[in-house]
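Participant: coords please:
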Amino acid sequence: MDHLPSELLEAIFALSCTDGGRTGCSLALVSRHIRAAARTTRFHSIILQSGSGSGSQLRLLLSLLTAERAIDAPLKPRVKHLYVSSPQSDKDSFLRPFCRQYAGGCRPAEVEAQAERYSQERIAFVENLSLLLRTIAAEVETLCLAQSGDGYRWTTEIPFPVPEAQCGEFSALRELTLVGGGMTFSNTLTQGAVLYPRLARLHLVAAATRLARWTERAPNVSHLCVSDDRGHMYTEVARVARRDPASDETPIVFTGLKQFVVQPYGFARAEEQTILPWDAQASRFNEWQLGWLKENASQPFHLRPTKVLSSSEGGWEDIALREWLDRIEGGSGCWTMPSAS
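Facilitator: Prediction:
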């Protein structure tokens, strides 16, 4: 391969670097010639998955990307596909029992020190992620921000900075997936400012957010998928499904919507876990509500059967990662529709 034209190598590497960075890392280790030939393409897709080292991974990525872009060359490395999930730490399992035991009261000094260090790690993660988003704002095409963990973590969720005005216009972004809560918006958005002019596909997974705000930011969304477990997004789904073009009181959300998918979720529980009455009925009630809404909707939507997630499938962040990888490799991801037959 050392004798192939660099243009041909770049084309090959561009088709290969769609696995979140593994191929790009491998290419950088083959030889100096291959490393140089893959320089503009090996950052095409990047996965920063939750784990005790995800914060340091983010810092290293920023450092490496900045150094590569500083090289005097006609073409710069570009990040086209990015998946990021918030970091998890072994401090979670250490601090959670103390959080429950000392809820509303004083915690031991050791716990307070651990909590303070963890808080600083979280702040640094958000700051570095914001910097990364600003760096790639004009080039990223698919983006997935996943809030890891569950609702019972000892601390509040890490607030992901949804790409906002301080990043400038995300002129190339076509698909955006948000998983979980903790998403923050900027309050400095100029009235009528369009931040995602090319965004066509928006996937919200257990992400409580107001869709009207997305209409302002991304008016050209044509595909919307809402994945929810206990009906937390029901009001927003209803806002889209029961819109009234003749009413000024109910503004139309996503006027150019062509595909609207709602995926209810339930969770398989271990036998030893206590199931509260609401937990036992939540999925069934949510499915009933959505079924009624589908029958009375002015904006048609496809209602999928409730999917029960088992522990072997992982959490929402794992499912979103698999769907994101499928999309950048040319698959349908969460947008798969049943055949007409």
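Participant: stretch 69-76: end-to-end distance?
Facilitator: Taking CA to CA, to the nearest Å, stretch 69-76 runs 6 Å from one end to the other.
Participant: what is the mean pLDDT for it?
Facilitator: Stretch 69-76 shows a mean pLDDT of 81.
Participant: go on, stretch 84-92?
Facilitator: Mean pLDDT, computed over stretch 84-92, is 65.
Participant: what of stretch 253-262?
Facilitator: Averaged across stretch 253-262, pLDDT comes to 88.
Participant: which of the residues in that stretch are buried?
Facilitator: The neighbour-count check on stretch 253-262 (16 or more other CB atoms under 10 Å) flags Val253, Phe254, Leu257, Phe260, Val261, Val262 as buried. For the C-beta atoms, the positions are set from N, CA and C on the backbone; glycine is no exception.
Participant: residue contacts, the second one?
Facilitator: To tie it back to what came earlier, the one meant is Phe254. Leu211, Trp214, Thr215, Pro219, Val221, Ser222, Leu224, Val240 (CB atoms under 8 Å, 6 or more residues apart in numbering).
Participant: which one of these sits closest to Ser171?
Facilitator: Proximity of these to Ser171 (CB to CB) peaks at Pro219, which lies at 14.2 Å.
Participant: that closest one touches Leu195, doesn't it?
Facilitator: No: counting by CB atoms under 8 Å, Pro219 sits too far from Leu195 to count as a contact (10.3 Å).
Participant: can you list residues touching both of the two?
Facilitator: If you check Pro219 and Leu195 against CB under 8 Å, 6+ apart, no residue is contacted by both.
Participant: who's more crowded, those two?
Facilitator: Shown here are Pro219 and Leu195; by other CB atoms under 10 Å, Leu195 has more neighbours (23 against 15).
Participant: now that one. Nearest residue, chain neighbours left out?
Facilitator: Among residues not flanking Leu195 along the chain, Arg217 sits closest, at 4.7 Å (CB to CB, 6 or more residues apart in numbering).
Participant: same question for Trp214.
Facilitator: Among residues not flanking Trp214 along the chain, Leu202 sits closest, at 6.5 Å (CB to CB, 6+ apart).
Participant: please apply the same query to Tyr234.
Facilitator: Gln289 (5.8 Å).
Participant: buried stuff in the strand or helix carrying Leu15?
Facilitator: Secondary-structure assignment from DSSP states H and E places Leu15 in helix 6-16. Neighbour counts over helix 6-16 (16+ other CB under 10 Å) mark Leu9, Glu10, Ile12, Phe13, Ser16 as buried.
Participant: verify the contact between the fourth one and Leu27 for me.
Facilitator: Spelled out, it's Phe13. Yes: using CB under 8 Å, Phe13 is in contact with Leu27, at 6.3 Å.
Participant: mutual contacts of these two, please.
Facilitator: Common neighbours of Phe13 and Leu27 (CB under 8 Å, 6+ apart) are Ala38, Arg42.
Participant: going along the chain, name the helices of this protein.
Facilitator: 6-16, 22-30, 32-37, 54-70, 90-101, 109-136, 211-217, 234-241, 277-295, 316-328 (DSSP state H).
Participant: sort out for me which of the buried residues of stretch 253-262 are in strands.
Facilitator: Within the buried residues of stretch 253-262, residues falling in strands by DSSP state E are Phe260, Val261, Val262.
Participant: how many other residues sit next to Cys144?
Facilitator: The number of residues packed near Cys144 is 25, by other CB under 10 Å.
Participant: for this protein, name the helix or strand with the lowest mean pLDDT.
Facilitator: Lowest by mean pLDDT, DSSP states H and E among the helices and strands of the chain is helix 90-101, with a mean of 49.
Participant: against Met233, how distant is the residue nearest to Tyr234?
Facilitator: Separation of Gln289 from Met233 (CB to CB, to the nearest Å): 11 Å.
Participant: more neighbours: those two, which one.
Facilitator: A direct count of neighbours by other CB under 10 Å for Gln289 and Met233 places Met233 higher, at 23 against 15.
Participant: quick revisit: can you add distance to Glu313 and pLDDT and give the contacts of Phe254 back as TSV?
Facilitator: TSV is the format used below for those (distance: CB to CB, whole Å; pLDDT from 0 to 100):
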residue	distance to Glu313	pLDDT
Leu211	27	83
Trp214	28	83
Thr215	32	84
Pro219	34	89
Val221	27	94
Ser222	29	94
Leu224	23	93
Val240	27	84
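Participant: and the pLDDT at the residue nearest to Trp214?
Facilitator: For Leu202, pLDDT reads 94.
Participant: ok, it - contacts?
Facilitator: By CB under 8 Å, 6+ apart, the neighbours of Leu202 are Glu175, Leu176, Thr177, Trp214, Ala218, Val221, His223, Leu224, Cys225.
Participant: if I look at it, how far off is Asp19?
Facilitator: Counting by CB to CB, the gap from Leu202 to Asp19 is 24 Å.
Participant: go on, Ala241?
Facilitator: Counting by CB to CB, the gap from Ala241 to Asp19 is 37 Å.
Participant: next: Arg35.
Facilitator: From Arg35 to Asp19 the distance is 18 Å (CB to CB).
Participant: before we move on, what about Arg198?
Facilitator: The gap separating Arg198 from Asp19 is 24 Å, by CB to CB.
Participant: next: Leu48.
Facilitator: Looking at Leu48 against Asp19, where the rule is CB to CB, the gap reads 14 Å.
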